[in-house]
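S.K.: Just the structure for this:
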Amino acid sequence: TWKLFTGNFTMTNGTTQNSNSGGARFFFALTDTQTISLSSSVTVQSAFNFTVDTSTTLIIASGLDTLTGTVENRGTISAVDAITFASGSTYRHARNSGTIPLATWATGSTCEVTGVTSTAPANRAQNFYNFTWNCPGQSANLNVGWQIGTSIGGTLTVTSSNWNHASTSSPVNQFRLFGGAGSCTINNIVVNGYNAVLTAQGGSTADTVNVTGNITLSKGGMLSLSNSSGGVTQYNVHGNFTVVDSAYIGKSNSANASRFIFQGQDKNYSTPATGVTYFGAPSFVVPGGASLDLGGSVLAGDGSFKVDSGAVLGSGHASGLTGNVTCTGVNGGGNSFSKLGVYAFNGSTAQVTGSLLPDSVSGLIIDNTSGVTLSDTLMAGDVTFTNGKLILGANVLVADTINGINSSRYVVTDAAGSLTLKSVGSATVLFPIGTAFSYAPVWVTNHGTTDTFSASVATDVAPAPAGGRVMLKWNIAEAVAGGSTSKLKFGWMASQENAAMVADRPNSINFFSMTDTTEVGKGYYSTQFATEPHTADRDSIASFGPFALGRFKGTATSVEDDIALIPDVFRLQQNYPNPFNPSTTIKYDIPAAAHVTLRVYDALGRMVAELVNRDHQPGFHSVEWNAGQSTSGVYFCRIVAGDFVSVKKLILVK
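M.R.: The predicted structure follows:
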């Protein structure tokens, strides 16, 4: 430390350097006025650190227009020319009252106020980069007066305002952003300390704080919206709101509608499980176009929580929205969750949606590998699966569209619940349903009047008297009875087949109505056993209700009772589509009981697939060939049924 107790500091044609930028400094200590003057030929290397003592007035005459180190002001600093605090530099205001130099505060610079007790310094309403308030000796509520549109490009940090931590209803020794009507823009806000309280305003006016980045509370700090009975403070939060440990959030009155508005997209409100105190009824709003994830956080107090039309709200709480939002809504207009909002459930343990979820929503997102249970019947515009299952229980889910499904992401209907889809017409519609343990989808193609259909599936352990079966029972219903003639396609996983089914799948697949145990539909059964879910479909089904797949009677009743469903001659149909990639369907007609083989050969006469080799009853049959492991080219399909032999050419194009 170089202490200058008398005289001025003047340099020409020289260099000043500081190899210990963390602590080495000049100390101006004259009880009067001192001047520092550096000519244009002087080189300043590293940080030029200096301290101005309590009774000293330092005039920066020339040469230090850009300050690069740490400037500590205990007295008075006056600059003749405009000065700039460079990136990495710090101005420390270590006194009560006084004046902060007017300056340009470069990106990465910091203005730190540490010595204020009863009077805030002048020139505090500047555009700073980082601004830190750390005044453990503060003895009054103090305003920094940023109501003129001040911008903090970096981080506003409040470490201590000498707040009485035992008082929350009327916190004293506040650090206030405004003194009257105000509006400022702050990138990040950090309140970090048990004696730190940041309040927006102290008057009865309307104030706005635009937070373009994040808000972080830690070590018991307090963020208070306002402490007046009439003023309304609005925080527009575009980043994340994070509470690292116990902290206080609220305002010093409960009469106005001061609120946090989460303006950002894909942002988080994150608090610890316990230790956050909400006081004075702060309110929270998620506006249209914004998306906020609450995670497992719990919002409390007598304020309100609102989700506007077009907003997206995420919940990670085990109790869903009911667990996240415990605000009473006494102040701020009451809690409200828009039916035109989108609600996402993304916890890491099993969740319920909660009673706060509206009975109708624009969108529902399921993103929980442990599953989400619907708490009540729901109408949803769009349902999107990212991870996990949606368990209906006894409830009904009515949806416009469902996206993102696969064998581990679907709607569980194995209680009394069901999935309802609207506008089911000639375009095939998938009902992605299943039990708690197995995916069992249904596809409906409605040839009649477009209608609303519902579907459910549950495990069924009743045996099939004549052979194998899928151990599931589906229930299909149409809104307007008798208006539809449909093709139904059922899917199931191999784990749901009984042993007899596994031994003879092709002969075990028959569609039966479990109302009267009669086979339903007409024409071909089309089956697919190469990949899961296995599938089977049949057309001309006009009556709906409970269905099962298996041999519940020895020979298909529809074949016995309707001679028109028995082919006249043996026939191998041309595959469709052809050319194909990678799957194609091959249909064949069997007019009399026969043993049938159906094999595929390549152009060199080598067998590449045996699709059928079993006894057949009379009827129309089909099989699918998945040529995913074969190369592009010409193949030949050959059928042998008794004395009948036929060959068709197949073209695989990849």
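
S.K.: contacts, neighbours, all on C-alpha from now
M.R.: Fine.

S.K.: what pairs with Gly491 across the strands?
M.R.: On the basis of DSSP bridges, Gly491 is bridged to Thr535.

S.K.: List of residues touching stretch 263-271?
M.R.: With contacts defined as Cα atoms under 8 Å, 6 or more residues apart in numbering, stretch 263-271 is touched by 236-245, 286-287, 289-298.

S.K.: Go again with 6 Å.
M.R.: 237-243, 290-294, 297 (Cα atoms under 6 Å, 6 or more residues apart in numbering).

S.K.: Kindly report the same for stretch 72-87.
M.R.: Applying Cα under 6 Å, 6+ apart, the external contacts of stretch 72-87 come out as 51-61, 65-68, 92-95, 103-109.

S.K.: And the next helix or strand past the lowest-mean-pLDDT helix or strand in the chain?
M.R.: Within the chain, no helix or strand scores below helix 557-561, which has a mean of 37 by mean pLDDT, DSSP states H and E. Next in sequence after helix 557-561, counting helices and strands by DSSP states H and E, comes strand 571-572.

S.K.: contacting residues around the closest residue to Gln45 other than its chain neighbours?
M.R.: Leaving aside its chain neighbours, Gln45 sits nearest to Gln17 (4.4 Å; criterion: Cα to Cα, 6 or more residues apart in numbering). By Cα under 6 Å, 6+ apart, the contact set of Gln17 is Val44, Gln45, Ser46.

S.K.: where in this protein is pLDDT low?
M.R.: 21-22, 167-169, 202-204, 227-230, 252-256, 554-565 (pLDDT under 70).

S.K.: is it true that Trp492 touches His534?
M.R.: Yes - here Trp492 reaches His534: they are 5.4 Å apart, a contact under Cα atoms under 6 Å.

S.K.: So these two - more neighbours on which side?
M.R.: Taking neighbours as other Cα atoms under 10 Å, Trp492 and His534 compare with Trp492 leading, 24 against 15.

S.K.: Now do the helices for the stretch 501-650 of the chain: every range, in order, please.
M.R.: With DSSP state H, counting those that start in this stretch as the definition, the stretch 501-650 of the chain shows helices at residue ranges 505-508, 557-561.

S.K.: roughly how far apart are Phe547 and Phe279?
M.R.: Using Cα to Cα, to the nearest Å, Phe547 is found at 58 Å from Phe279.

S.K.: Over to Tyr343?
M.R.: Applying Cα to Cα, the value for Tyr343 to Phe279 is 27 Å.

S.K.: neighbour-wise, which of the two wins?
M.R.: Tyr343 (29 against 20).

S.K.: Is Val361 located within a helix, as I assumed?
M.R.: No - Val361 is assigned strand when assessed by DSSP: H, G, I helix; E, B strand; the rest coil, not a helix.

S.K.: mind listing what Lys306 touches?
M.R.: For Lys306, the contact set (Cα under 6 Å, 6+ apart) comprises Val285, Asn335, Ser336, Phe337.

S.K.: State the distance from the second one to Gly329.
M.R.: Spelled out, it's Asn335. As judged by Cα to Cα, Asn335 and Gly329 stand 5 Å apart.

S.K.: now do the last one
M.R.: If you measure Phe337 against Gly329 using Cα to Cα, the figure is 12 Å.

S.K.: and if you look at Pro618?
M.R.: Distance, Pro618 to Gly329, using Cα to Cα: 70 Å.

S.K.: Of the contacts of Lys306, which belong to strands?
M.R.: Using DSSP state E, the members of these that fall in strands are Val285, Ser336, Phe337.

S.K.: Out of those residues, which comes closest to Thr401?
M.R.: Nearest to Thr401 out of these is Phe337 (Cα to Cα; 21.6 Å).

S.K.: Go ahead and confirm the closest one touches Phe305.
M.R.: No - between Phe337 and Phe305 there is no contact, the gap being 8.1 Å when judged by Cα under 6 Å.

S.K.: what about those two, which has more around it?
M.R.: Taking other Cα under 10 Å, Phe337 and Phe305 do not tie; Phe305 has more neighbours (26 against 21).

S.K.: Would you agree the more buried one is in contact with Phe284?
M.R.: Yes - here Phe305 reaches Phe284: they are 4.8 Å apart, a contact under Cα under 6 Å.

S.K.: where do the strands sit along the stretch 501-650 of the chain?
M.R.: Counting by DSSP state E, counting those that start in this stretch, the stretch 501-650 of the chain has strands at residues 511-513, 518-519, 522-528, 534-541, 546-549, 571-572, 583-590, 594-602, 607-616, 619-626, 633-641, 644-652.

S.K.: Give me the contact list for the first one.
M.R.: Same thing as strand 511-513. Thr518, Glu519, Val520, Pro546, Phe547, Ala548, Leu549.

S.K.: one more time with 10 Å
M.R.: 473-475, 488-490, 517-521, 525, 536-538, 541, 543-553, 556-557 (Cα atoms under 10 Å, 6 or more residues apart in numbering).

S.K.: do the fourth one as well
M.R.: If you take Cα under 10 Å, 6+ apart as the criterion, strand 534-541 is touched by 440-447, 484-494, 506, 509-511, 519-529, 549, 623.

S.K.: can you state the direction angle for that strand and strand 522-528?
M.R.: On the basis of axes from the mean of the first three to the mean of the last three Cα atoms, to 10 degrees, strand 534-541 is oriented at 160 degrees to strand 522-528.

S.K.: what do you get for the last one?
M.R.: In this structure, strand 644-652 runs at an angle of 50 degrees to strand 522-528, with the same axes, to 10 degrees as the basis.

S.K.: What residues of strand 644-652 count as buried?
M.R.: In terms of neighbour count (16 or more other Cα atoms under 10 Å), strand 644-652 has its buried residues at Val647, Lys649, Leu650, Ile651, Leu652.

S.K.: gap between Ala542 and Asn346?
M.R.: Per Cα to Cα, Ala542 is found 40 Å from Asn346.

S.K.: which of these two has more neighbours?
M.R.: A direct count of neighbours by other Cα under 10 Å for Ala542 and Asn346 places Asn346 higher, at 29 against 17.

S.K.: Hmm, Ser370 and the more buried one touching each other?
M.R.: Yes - between Asn346 and Ser370 there is a contact under Cα atoms under 10 Å: 9.5 Å.
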